[in-house]
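1. Pasting a predicted model and its sequence here:
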Amino acid sequence: MKSPAWRTYGAAFLAGVAAALAMPPLFWLPLGVVGIVVFVRQWDAAPTPEAAFLRAWAWGWGHFAVGCYWMAEAFFVPPADFAWLGVPAVLGLAVVLGVFPAMAAGAARWLALRWPHLGSRYRRLVVLAILWTVTEWVRGHIFTGLPWNPLGHVWAFAPALLQSAAMFGVYGLGTLTFVILGAPAAGWRASLAALGLVVTAGGAGLAVMPAPDDGSAGPLIRIVQPNVPQREKMAANDRAAQFQKLIELSRRPGFDRLAAVVWPETAVPFVVEPGSAALPAMAAAAPPNGYLLGGMARGTTDRADGVWNSLLAIDANAVVRAYYDKVHLVPFGEYIPWHKEFPPISGAIGRGSFETGTSFVTLALPGLPPFSPTICYEAIFPGAVTGPGARPRWLVNVTNDGWFGTSSGPYQHLASARLRTVEEGLPMVRAANTGVSAVIDAYGRVLASLDLASQGVIDHVLPPPRVATFYSHWGDWTVLALLLLMGVGAGVKRKS
């Protein structure tokens with residue numbers, strides 16, 4: 001490009017910002033088109049793979065800095081010892097995450113320059129989309145993974161357009177999304193084809209989605225959203241009042257008809273020990289013929305044997321009938337890497353570490369359909385929300401997004417949860433401390449919800465599951481099949 005380098009990189013950065021604004025909760029899709037088209041055009045004009053890499057890296061800085069800005073809020077929660085790190089941490093994360101689209105651009109440019117057969121703009125766009133997906137998948141797996149805001153989330157405003165995730169998962173949906181949003185860079189014919197693909201996908205989605213089922217034959221579930229700001233959760237003098245609030249909300253009228261009450265992640269503001277004297281008090285929130293499914297820390301107060309971030313199923317007799325310990329912990333948020341090998345490091349950072357659970361599970365309790373629980377950001381990982389063995393009938397996600405206030409983070413988290421229901425063909429009950437709590441059906445539709453910074457309960461009959469999806473059977477192998485099919489299509493030579 002003839003413009004000075006700073007203009008090129010500045011335009012790339014702003015294009016990344018534009019694409020981030022197409023994500024939840026704004027869904028400014030035209031800006032997503034602008035962001036991806038600029039990404040494609042700058043890649044196509046790059047004289048070398050190295051230039052393509054650097055331009056895409058600048059794009060990634062803008063995209064992830066804006067898309068993940070909400071993470072900085074957690075640093076300001078009291079005692080806020082590291083508040084000064086909030087903004088640098090987000091910017092540093094954006095620099096790291098920007099490497100992934102940069103790798104896609106660099107590799108695709110290398111192929112385009114060495115494979116003259118990819119002469120048409122359409123073919124080059126498809127190759128770039130394939131490598132985009134490869135690096136997005138790598139981002140979701142390497143170093144425990146961070147598949148936050150995958151490109152397919154731009155369609156979360158229209159459940160019908162999410163339904164292809166039942167076949168290809170969110171990564172495959174992202175492949176198609178990249179081609180659709182980037183189509184104007186390949187010409188008007190590609191743009192018309194992309195528009196036709198959106199209309200077709202929407203029509204197919206509507207065709208497979210039945211009218212929302214009120215699930216009148218299913219069990220009645222109550223979700224409790226206590227709306228305790230994180231700064232208050234950290235204050236020891238308020239813990240008795242927080243606990244009493246949970247009990248009162250749980251026992252609102254209609255309590256005797258419930259099959260389960262669901263509390264958010266770490267709803268109980270203390271560590272629950274074996275045989276804890278608090279269990280009878282918590283049992284008051286368990287319906288007479290049902291269970292309290294509560295997020296809480298499980299272990300010993302002195303941490304001698306470890307503490308787990310857990311979900312406990314407690315019956316009305318104060319018996320813990322089952323539990324699940326979180327498997328996928330947040331690095332530096334819930335555990336400090338090598339904290340056992342280097343205890344001084346963990347102590348210096350200040351909040352200690354949870355222990356890692358052994359495996360995902362499917363819990364079967366009398367009177368409830370079997371379900372698989374996830375805690376907090378475990379819901380962002382495609383293909384990793386159910387336990388081994390028989391397929392569950394529903395999903396439970398308990399979370400505490402109070403760390404992030406009223407930012408876009410909780411809405412983006414909700415979008416991830418909705419995609420998991422589409423991929424697995426299973427409904428989800430989601431309890432969040434400060435919101436967004438929701439009942440989501442097996443097609444990703446939010447049937448009931450409580451918004452951010454609101455207190456209350458949701459009483460809703462559990463929606464039914466759908467027939468097991470292709471993705472729930474085969475996982476990311478379906479993504480690989482899609483990429484191979486598109487790669488073959490892009491590589492086939494036309495007859496002259």
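-> Received the coordinates, thanks.
2. mind listing the strands in the stretch 101-250 of the chain by residue range?
-> With DSSP state E, counting those that start in this stretch applied, the stretch 101-250 of the chain shows strands at 220-225, listed in chain order.
3. Give the full set of residues in contact with the closest residue to Val208 other than its chain neighbours.
-> Of all residues not flanking Val208 in the chain, Gln163 sits nearest, at 5.7 Å (CB to CB, 6 or more residues apart in numbering). From N, CA and C alone the C-beta is placed, and that goes for glycine too. Neighbouring residues of Gln163 by CB atoms under 8 Å, 6 or more residues apart in numbering: 201, 204-205, 208-209, 422, 443-444.
4. Turn these into a markdown table, including distance to Val436 and neighbour count.
-> Formatted as a markdown table, the contacts of Gln163 follow (distance: CB to CB, whole Å; neighbours: other CB atoms under 10 Å):
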| residue | distance to Val436 | neighbour count |
| --- | --- | --- |
| Ala201 | 26 | 20 |
| Ala204 | 28 | 14 |
| Gly205 | 23 | 22 |
| Val208 | 25 | 12 |
| Met209 | 22 | 18 |
| Val422 | 17 | 29 |
| Tyr443 | 18 | 23 |
| Gly444 | 14 | 28 |
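5. Of the residues you listed, which is the nearest to Pro78?
-> Nearest to Pro78 among the contacts of Gln163 is Gly444, at 36.1 Å by CB to CB.
6. Run the angle between the helix or strand hosting Leu447 and strand 220-225 for me.
-> Leu447 is part of strand 446-450, with elements assigned from DSSP states H and E. In terms of direction (axes from the mean of the first three to the mean of the last three CA atoms, to 10 degrees), strand 446-450 departs from strand 220-225 by 40 degrees.
7. Now strand 446-450 - C-alpha only, PDB.
-> C-alpha atoms of strand 446-450 as PDB (Å, rounded to 0.1, in the frame of the first residue of the first chain):
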ATOM      1  CA  VAL A 446     -33.600 -17.300  26.000                       C
ATOM      2  CA  LEU A 447     -37.100 -18.200  27.300                       C
ATOM      3  CA  ALA A 448     -36.800 -16.200  30.600                       C
ATOM      4  CA  SER A 449     -34.000 -14.000  32.100                       C
ATOM      5  CA  LEU A 450     -33.000 -11.600  34.800                       C
END
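8. Point out the other elements, helices or strands, that the helix or strand following that strand touches.
-> Note on strand 446-450: by DSSP H and E, the next helix or strand toward the C-terminus is strand 456-461. Under the contact criterion of 3 or more CB pairs under 8 Å, 6 or more residues apart in numbering; DSSP states H and E, strand 456-461 touches strand 220-225, helix 239-250, strand 437-440, strand 446-450.
9. partners of strand 456-461, with directions?
-> According to DSSP bridges, strand 456-461 forms sheet pairs with strand 220-225 (antiparallel).
10. gap between the partner strand and the chain center?
-> 21 Å (CA atoms, centre = their mean, to the nearest Å).
11. Using PDB, write down the CA coordinates of that strand.
-> Extracted C-alpha coordinates of strand 220-225, given in PDB (Å, rounded to 0.1, in the frame of the first residue of the first chain):
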ATOM      1  CA  LEU A 220     -40.200 -26.700  37.800                       C
ATOM      2  CA  ILE A 221     -36.800 -25.000  38.400                       C
ATOM      3  CA  ARG A 222     -36.200 -21.800  40.400                       C
ATOM      4  CA  ILE A 223     -33.100 -19.700  39.600                       C
ATOM      5  CA  VAL A 224     -32.000 -17.300  42.300                       C
ATOM      6  CA  GLN A 225     -30.200 -14.200  41.400                       C
END
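12. That strand to helix 239-250, inter-axis angle?
-> Between the axis of strand 220-225 and that of helix 239-250 there is an angle of 150 degrees, by the same axes, to 10 degrees.
13. Other residues contacting strand 220-225?
-> The contact list for strand 220-225, computed with CB under 8 Å, 6+ apart, reads 246, 249-250, 252, 254-255, 257-264, 267, 429-435, 437-439, 450, 454-462.
14. Just the buried residues of stretch 356-365, please?
-> By neighbour count on 16 or more other CB atoms under 10 Å, the buried set for stretch 356-365 is 357, 360-363, 365.
15. And those residues, which is closest to Pro392?
-> Thr362 (4.7 Å).
16. Tell me how far that closest one lies from Met428.
-> Plainly put, Thr362 is 14 Å away from Met428 if you go by CB to CB, to the nearest Å.
17. With Thr374 instead?
-> Thr374 is 9 Å from Met428, by CB to CB.
18. for Gly205, same thing?
-> Taking CB to CB as the measure, Gly205 falls 19 Å from Met428.
19. Could you do Asp238 as well?
-> Asp238 is 30 Å from Met428, where distance means CB to CB.
20. can you check Thr386 too?
-> From Thr386 to Met428 the distance is 11 Å (CB to CB).
21. what's the answer for Gly86, then?
-> Gly86 is 31 Å from Met428, where distance means CB to CB.
22. Same question for Pro287.
-> 20 Å.
23. Those two - which one has more neighbours?
-> Met428 (27 against 22; other CB atoms under 10 Å).
24. coming back round to it: shared neighbours of Thr374 and Met428, which are they?
-> 395-397.
25. Sitting in strands, which of those do you find?
-> 395-397 (DSSP state E).
26. pLDDT below threshold where in the stretch 251-400 of the chain?
-> 301-304, 338-352 (pLDDT under 70).
27. Strands along that one, start to end?
-> 260-262, 271-272, 291-299, 307-315, 320-325, 371-375, 394-399.
28. in its sheet, what does the third one sit against?
-> If I follow you right, that is strand 291-299. With DSSP bridges as the test, strand 291-299 is paired with strand 260-262 (parallel), strand 271-272 (parallel), strand 307-315 (antiparallel).
29. Make TSV from those and add mean neighbour count to it.
-> Compiled in TSV, the strands paired with strand 291-299 are given as follows (neighbours: other CB atoms under 10 Å):
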stretch	mean neighbour count
strand 260-262	26
strand 271-272	21
strand 307-315	24
